[in-house]
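**Student:** Turn this into a model:
(one chain, ligands or ions: 1)
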Amino acid sequence: MRLKNVPGSREMIAESEYTVSNPEQWKGNWHSLFENNHPIRIEIGTGKGKFIHELAMRHPEVNFIGIEKYSSVLIRAVEKQEQNPLPNLLFVRMDAEYITDVFGENETDRIYLNFSDPWPKDRHAKRRLTSREYLSRYRILLPAGGCIEFKTDNTDLFSFSLEEIALSGWTLLACTHDLHGDEELNRDNIMTEYEEKFSAKGNPICKLIAQVP
Ligand code: SAM
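**Tutor:** Numbers count the residues shown, from 1 in each chain. Prediction:
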């Protein structure tokens, strides 16, 4: 994705009350930061935050954490939260590669991956957020029965993800190659920024839900 540098965004994020700048310190203890025992759900690669902000608004009974690698993108999600603050939504600027340093065993029951970067070269397969390497990290964070939900318009990445899920012994609970045409799966769908962009171009959206065995 093309990234426009936003001067000062790193500092603004570090200072925002809606971002957690020392996330490793909360490993195993995120509930105390939210001051409740509600379930914790994470979006990795949150981008400008439309999806997670809307999801958090719809579900005040759940805590949400948006993870994003780049300050220049995350700043837009933080701005949304500043305009309309939700007590059940926080952000972390980090690379998800280190997610097991930040969240403890069984600390989240659902992970959302929306329009993750495809990393098309074979030698970069490990960097895809649905690779077996990432699935094994998520497995530590999720209890038995915990899920990932993944949406993309990239059919190669979707096929790869289905293979990795099967190879890793996860159970496929739902799968569609046309989310917007699937009445059941689309019912509570929240469109992400990329989803709006790509579906407006006519690209069908794929979605899967996979569960830790
Ligand atoms: N989820 C948003 C959407 O659907 O509109 C943004 C999709 S964009 C293609 C992918 C986002 O994931 C980018 O903002 C990128 O910086 C972020 N990202 C990619 N790899 C990441 C990683 N390893 N850790 C955290 N964020 C990552």
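**Student:** Could you list the single helix or strand in this protein with the lowest mean pLDDT?
**Tutor:** Within the chain, no helix or strand scores below helix 9-15, which has a mean of 89 by mean pLDDT, DSSP states H and E.
**Student:** residues making contact with it?
**Tutor:** Residues outside helix 9-15 that contact it (CB atoms under 8 Å, 6 or more residues apart in numbering): T19, S21, S71, S72, L74, I75, V78, F91, R93. Where C-beta positions appear, they are placed from N, C-alpha and C, glycine not excepted.
**Student:** any idea which helix or strand comes after it?
**Tutor:** helix 30-34 (DSSP states H and E).
**Student:** Give me the nearest residue to W170, chain neighbours excluded.
**Tutor:** Once flanking residues are discounted, W170 sits nearest to A210: 4.5 Å by CB to CB, 6 or more residues apart in numbering.
**Student:** Pretty sure the one you found sits in a strand.
**Tutor:** Yes. The assignment for A210 by DSSP: H, G, I helix; E, B strand; the rest coil puts it in a strand.
**Student:** isn't it right next to L172, touching?
**Tutor:** Yes. If you go by CB atoms under 8 Å, A210 and L172 touch, sitting 5.5 Å apart.
**Student:** Not counting its neighbours along the chain, what's nearest N37?
**Tutor:** The nearest residue in space to N37 (CB to CB, 6+ apart) is H31, at 5.6 Å.
**Student:** Next one: the one you found from the ligand, what distance?
**Tutor:** 23 Å (CB to the nearest ligand atom, to the nearest Å).
**Student:** try A200
**Tutor:** Distance from A200 to the ligand, by CB to the nearest ligand atom: 13 Å.
**Student:** Likewise for V92?
**Tutor:** Distance from V92 to the ligand, by CB to the nearest ligand atom: 9 Å.
**Student:** Was I right to think that residue contacts E24?
**Tutor:** No. V92 lies out of contact with E24 (CB under 8 Å); the separation is 10.1 Å.
**Student:** Look at those two and report which has more neighbours.
**Tutor:** More neighbours surround V92 than the other of V92 and E24, with 23 against 11 (other CB atoms under 10 Å).
**Student:** now the more buried one, what's its secondary structure?
**Tutor:** When classified by three-state DSSP, V92 comes out as strand.
**Student:** sorry, back to before: give me the buried positions along the least confident helix or strand of the chain.
**Tutor:** Neighbour counts over helix 9-15 (16 or more other CB atoms under 10 Å) mark S9, M12, I13 as buried.
**Student:** Please apply the same query to stretch 56-71.
**Tutor:** Here stretch 56-71 shows A56, V62, N63, F64, I65, G66, I67, E68, K69, Y70, S71 as buried, counting by 16+ other CB under 10 Å.
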